[in-house]
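Peer 1: After the sequence you'll find the predicted model.
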Amino acid sequence: MKQMMCFGTLSRYGEKQGLEVTILSGDRDTFQLATDNITIRIPHTKGGKTETDEYNRKKVIETYGLEPKQLIDVKGLQGDASDNIPGVPGVGEKTALSLIQKFGSIENLYDAIEKDEDGLKGKQREKIVNNKDLAFMSKTLGTINLEVPITDTLENFKVEEWDRPKVLEIFKDLNFNRYIDRFSLRGEAENKEDIKELYKKVDKIKNEIIELIKKQKEMIFYIATSTDNLPEKIIKEKITGISFYYPEQNEVYYVEISEDDQIQEWKEIFENAEIKKIGIDLSKVYILLKQEGITLEGIGYDVSIAAYILNPTNNKLNIESLMEQYLEINCDEIIPKKDTNTQQMNLFDNIDNQEAEEKKERYKLYAYAISKIQEKTEKKLEEVNCLELFNEIDMPTVEVLSDMQANGMYVDEEELNEFGKELTIKLDAITKIIYEMAGEEFNINSTKQLGQILFEKMKLPIIKKTKSGYSTDVDVLEKLKKEDPIIEQILEYRQLMKLNSTYVEGLKQYINPKTKRIHSFFHQTITATGRISSTEPNLQNIPTRFELGKRVRKVFKPAEGKIYMDADYSQIELRVLASISEDEHMIQAFKEGQDIHKQAASKVFKTPIDEVTKEQRSNAKAVNFGIVYGISEFGLGEQLGIGRKKAKEYIDEYLQQYSGIKKFMSDITEIAKEQGYVETLFHRRRYIPELKSNNYMVRQFGARAAMNTPIQGTAADIMKIAMIKVYRKNKKRGLKSKIVLQVHDEMMIEVPIEEKEEIRKIMKECMESAVQLKVPLIAEISEATNWYECK
DNA sequence: AACGTCACG
DNA sequence: ACGTACGTGACGTTG
């Protein structure tokens, strides 16, 4: 009742001053305040919409058949759990209401009981009689205080015009973005006017713009698009306009591309390699243009790539975020979003038009911003010694990856369907078996339900827990295998389910009906280490470890008259590690072409190299992996199913033997702590703020990332260099072979049969000479008629 | 939207 | 006493 005290008193005060008082409240307890002049406005939800009802004294009487203040008595009997008002146990809303309607008040009720005139009987009467104290106490608790001392006068409460820019500032600070729209606060910033003067808006016709671009040998632009989502998972995005910035005059232009062939008028410009293209997300631009039969040439500066190199863990690389980060410009302030709620409909300027205008303004601003962000980022790239990485590796990679996506990979849909049918049949059978073994039907995909079956119904031992329940992952199930035969079936079911949903049904949706190929996206600005990532679909995680899954690869085939040429770097990460750590033993092993895991086994287990067992080698391999990941005793122990003590012995022995690696590991964590970041061989940087965390776990993670990033990242750099070399050589020689896939240490080219020997040489040569390390780089090449056959 | 699981390097 | 191997993306369930 505390919060209510003031407004209870204030409402009465207002009434006394002769005002019509309205109380806004979500709490029906306030109805007790209603009079002829005091109205309570309360929201209620009706079919998703929230409306308000108004209750004055009349409405209260209509609704409850009681005077407002009698509602206090109702509450006294009924109680209110949320307000900690006990009421009389066993008396609810209905009873309380009818009792007060009958007796008028709690006092009268108990008077009647005293005189035995109440007419109540049984349990109910007993409860009421026994809880008299509670009833009176509850009434007191439920009464809104009307006598709080007030020192303010009406004048103090007068509503004044509020400081809108200030409120905007506060809302922005608190991320109250919805409120900013609701109160139409966009564009309230004080410096709004200044920013608008940043550039001149000039209407120019196409030919004038083209002349300027040619003169400048530079095209600073932003491509506007619209999307229509087709039923298939293939997004059809169309170019709707282009905006330009012309730095010499500080002018922006926008041209609309509304008709189908209009984009062709720009073909000459886009395909002119002499004109340096400066934009954002140029890989996307490349694809959009390619769809129109235009090949983007002269890819010069992509501001999202620049920002990525400056900080690869930056996940906000869209134009508006970059403007905020690098120019401290907030788009919404300069070009307010139209508030469609309070919009006045105007015949001559309808909402659609206004929105279109607003968008055009934004596109112009974007083009200007791209130029300014280029200036900023280029300076910073220089400062952090990353300009070469940017110009020689990541920018050229844009074209390589774009081309790769445009090429796509052919998929035999019929064969994929066949595989799908096979899986479905097996899946149906195994589902029945599982139901039978469990003794009931349940959703096997639900870890919650599965957990209940396994650990509650069947009482299997709980190996591991997750945040929200029992863990049922492979590791757990493998350990439970011997407990019950159902486990094996579940593992089988999981495998089949994964294959069918992700790799059959999932992949199907991405086959382009026109090309019969899958054109996966290859993203260059996602990973923290510099690797490429692939989406829609992810072609970098097509199964290979198990035979059944590997069959998915059979449906990926080269076109008629072509073959796949596939090249794999052998042990690239360990070679990189050997080279940057300068460990003499590992370098020697690679120079001599030794089996690196076998050598590690020999050293760790102190066994002559010829006597190393399979198991020793496999354990040593795990240690090698662990080293690359930034070893931890726990992790290695878990991986090998040995205790962490044993794991520590392995690690200690390993680091004893490979002392160069030991030194590298401790040096790199030290460097990372000191300078706050680590670098690859080509100066790709990753900041590791985790190392400064107060949390031990987070710091440990930081240390592992510090050890892993130079290794994984350098390998990624090398692969990019190799791809650029291959791409350029192919292009220069006018070969028809096309790179179609990259999987971190693997590159695949679709090759017309007549080019195959030439391509084999090119791949081998480009990959192995991508960089001069202290150890040789080896690329293993295989050719095949489908992906499955690639070794 | 977050989580658990599992596919890859 | 904590509770982890590094880097990704997609799917299905659940809140």
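Peer 2: Structure received. Numbers count the residues shown, from 1 in each chain, chains lettered A, B, ... in the order given.
Peer 1: going forward, measure contacts between C-alpha atoms and count neighbours the same way
Peer 2: Will do.
Peer 1: What are the contacting residues of the helix or strand containing residue A:219?
Peer 2: Following DSSP states H and E, one finds residue A:219 within strand A:218-229. Contacts with strand A:218-229, where a contact means Cα atoms under 8 Å, 6 or more residues apart in numbering, come from A:213, A:235-246, A:275-280, A:285, A:363, A:366-367, A:370-371.
Peer 1: do the same with stretch A:94-106
Peer 2: Contacts of stretch A:94-106 (Cα under 8 Å, 6+ apart): A:64-66, A:70, A:73-78, A:109, A:135-136.
Peer 1: how about stretch A:528-544 against DNA strand C, any contact?
Peer 2: Yes: Stretch A:528-544 comes into contact with DNA strand C (Cα under 7 Å from any atom of the strand), by way of A:528-529, A:533-538, A:541.
Peer 1: Specify which member of the residues you listed is nearest to residue A:453.
Peer 2: Nearest to residue A:453 among these is residue A:541, at 31.0 Å by Cα to Cα.
Peer 1: Report how many residues lie close to the closest one.
Peer 2: Using other Cα atoms under 10 Å, residue A:541 has 10 other residues around it.
Peer 1: Repeat that for residue A:459.
Peer 2: Neighbour tally, residue A:459, other Cα under 10 Å: 10.
Peer 1: Assumed it was part of a strand.
Peer 2: No: counting by DSSP: H, G, I helix; E, B strand; the rest coil, residue A:459 falls outside a strand, being coil.
Peer 1: do you know how far residue A:212 is from DNA strand C?
Peer 2: 38 Å (Cα to the nearest atom of the strand, to the nearest Å).
Peer 1: which SS class is that residue?
Peer 2: Residue A:212 ends up helix, using three-state DSSP.
Peer 1: leaving aside the residues next to it on the chain, what's closest to it?
Peer 2: residue A:246 (7.7 Å; Cα to Cα, 6 or more residues apart in numbering).
Peer 1: Identify the bridge partners of the one you found.
Peer 2: residue A:251 (DSSP bridges).
Peer 1: From residue A:364, how far out is it?
Peer 2: Using Cα to Cα, to the nearest Å, residue A:246 is found at 11 Å from residue A:364.
Peer 1: now swap in residue A:201 and tell me
Peer 2: 8 Å.
Peer 1: overlap in contacts of the two?
Peer 2: Contacts common to residue A:201 and residue A:364, judged by Cα under 8 Å, 6+ apart, are A:252-253.
Peer 1: What is the burial count for the closest residue to DNA strand B within the stretch 251-400 of chain A?
Peer 2: Of all residues in the stretch 251-400 of chain A, the one sitting closest to DNA strand B is residue A:315 (13.9 Å; Cα to the nearest atom of the strand). Burial of residue A:315 is recorded as 14 neighbouring residues (other Cα under 10 Å).
Peer 1: For chain A, which helix or strand comes out least confident on mean pLDDT?
Peer 2: Ranking every helix and strand in chain A by mean pLDDT, DSSP states H and E puts helix A:192-196 at the bottom, with a mean of 51.
Peer 1: so where's the longest helix in chain A?
Peer 2: Counting by DSSP state H, the longest helix found in chain A is helix A:696-732.
Peer 1: could you say what helices and strands it packs with?
Peer 2: Counting contacts by 3 or more Cα pairs under 8 Å, 6 or more residues apart in numbering; DSSP states H and E, helix A:696-732 packs against helix A:395-407, helix A:572-581, helix A:614-629, helix A:659-675, strand A:677-679, helix A:756-768.
Peer 1: buried sites along it?
Peer 2: A:699-727, A:729-730 (16 or more other Cα atoms under 10 Å).
Peer 1: Could you report the pLDDT at the residue nearest the centre of chain A?
Peer 2: Compute the mean C-alpha point of chain A, and by Cα atoms, centre = their mean the closest residue is residue A:315, 8.5 Å away. Here, the pLDDT recorded for residue A:315 equals 89.
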